[in-house]
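Q: Below is the sequence, then the predicted model.
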Amino acid sequence: MITPSAQSITVSLGQRSYPVWIGSGLLTEHARWRAMLRGRHALVISNTTVAPLYLPRIEAGLEGLHWTSFLLDDGEVHKSFANVGRALEALGHVGATRDACVIALGGGVVGDLAGFSAACWMRGIDFIQMPTTLLAMVDSSVGGKTGVNLPVGKNLAGAFHQPRGVFADIDTLASLPEREFRAGLAEVVKGAAIGDEAFFAWLEQHADALAARDPAAVLQAIARKVQYKAGVVARDETEQGERALLNLGHTFGHALETAGHYSTLLHGEGVAIGMLLAAQLSERLGMSAAADTARLRRLLQTLGLPTAIPPGMDAQQLLALMRLDKKNSAGQLRLILWRGMARAEIVGGVAEAEVRAVLDAAIAGS
Ligand code: NAD
Ligand code: GLY
């Protein structure tokens, strides 16, 4: 296998700027990430699937520190306040002082919870991200959104807390299940579809290589998506405007995920179907051309992503779930749509009848 060398992309946030390293062998290149730990204490947060595979790769790099690990059981349901409490207790047991560091080794579930735990301990300590899923490498590990789910809803408790560094070791993708890998590709497509047409064209050209997990293509796709997201985060860290565009496909997608009780669709799969529905709605509202929708559908399908609403889902139920979206205001639907390829925008006051028509047509066609 080709082992492309590591590269880094900076998320520019003044004194809180940090590098996102992407490449092969980063976990075992201890000196690079160890240099970011300022104190003598560390807590590694991972889960019961990832830790047996990859914790041994970083252990020697932690020599000389007071450190321990806290392992979540696997699954979205464990991204909970109860587990933040347990992570904080682990920091207490290790004697963590203000200069301690939390290391997140895992996918987005681990990264979100570890970052939030770091934000809470002594009102905020360092953390570094070691993402091990494609989704976490291209999306959740970058940008400082951290948090947990509450019984009343997903990601409802959280904080903006930027990591000191991100180390995306692409070797870890070798063990990632195929479906999880493809779900991560949806987040790559999303970045291009929002605002980078040249990247979208590149994805079209390299779709077969990406679907086959060609290492050079995967590395480049990760780097381009991270570069795109780093720019958005640098311009709008706390989502006062532009950053909301990163939610393209999410209002539809979350409704689909919820309707499937978080077991029918992975997040990235919901985003893939959701982006296509957003494109169809944009087309229906006269904002974009059928050719743009067709291009998006073709790319998603080549990457092996679902594009149809799963059987048994009902338009009325999906619309009801969409009404609960955080982006809505004054009882009106507010969606991220696009004005043609790679020109996403926030659109308020979308008529429910139009959304309903798109959902009905998609359900009838699937
Ligand atoms: P995940 O963390 O649940 O990981 C998916 C599965 O892959 C899990 O079973 C995990 O144990 C396994 N896994 C992880 N790395 C592996 C590896 N290298 N080899 C084998 N198995 C591995 O899910 P995810 O898709 O990484 O992340 C989804 C989470 O990210 C959601 O909670 C979502 O809300 C959050 N998210 C956050 C942001 C953000 O900006 N903070 C953005 C997008 C998504
Ligand atoms: N995943 C959306 C964001 O980081 O803003």
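A: In hand now; what should we look at? Ligands and ions are numbered 1, 2, ... in the order given.
Q: got a list of what the closest residue to Ile194 other than its chain neighbours touches?
A: Excluding the flanking residues, the one nearest Ile194 by Cβ to Cβ, 6 or more residues apart in numbering is Ala344, at 4.2 Å. Where C-beta positions appear, they are placed from N, C-alpha and C, glycine not excepted. Shown in contact with Ala344 (Cβ atoms under 8 Å, 6 or more residues apart in numbering): Ala193, Ile194, Gly195, Leu245, Leu248, Ile336, Leu337, Trp338.
Q: what's across from Ala344 in the sheet?
A: Beta-bridge partners for Ala344, by DSSP bridges, are Trp338.
Q: got a winner among the contacts of Ala344 for most neighbours?
A: Most neighbours among those, by other Cβ atoms under 10 Å: Ala193, with 29 neighbours.
Q: Which helix or strand contains it?
A: Assigned by DSSP states H and E, Ala193 falls within helix 178-195.
Q: Quick one, grab the pLDDT at the residue nearest to Ile194.
A: You'll see Ala344 listed with a pLDDT of 97.
Q: ditto for Pro151
A: Note on Pro151: pLDDT of 84.
Q: Excluding covalently adjacent residues, which one is nearest to the residue lying farthest from the centre of the chain?
A: Relative to the C-alpha centroid of the chain, counting by Cα atoms, centre = their mean, Gly64 is the outermost residue, at 32.9 Å. Distances taken as Cβ to Cβ, 6+ apart place Arg40 nearest to Gly64, at 8.0 Å, with adjacent residues excluded.
Q: Backbone dihedrals for that neighbour, both of them.
A: In terms of degrees, to the nearest 10, the main-chain angles of Arg40 are phi -110, psi 0.
Q: Skip ahead from the helix holding Ala193 and say which helix or strand is next.
A: Counting by DSSP H and E, what follows helix 178-195 is helix 197-211.
Q: How far away from the center of its chain is that following helix?
A: Centroid separation for helix 197-211 versus its chain: 19 Å, with Cα atoms, centre = their mean, to the nearest Å.
Q: What is it packed up against?
A: helix 178-195, helix 215-235, helix 290-302 (3 or more Cβ pairs under 8 Å, 6 or more residues apart in numbering; DSSP states H and E).
Q: Could you report the distance from the residue in the stretch 51-200 of the chain that ligand 2 sits nearest to to Val232?
A: Residue nearest to ligand 2 within the stretch 51-200 of the chain (Cβ to the nearest ligand atom): Gly143, separated by 4.3 Å. Going from Gly143 to Val232 by Cβ to Cβ, to the nearest Å gives 8 Å.
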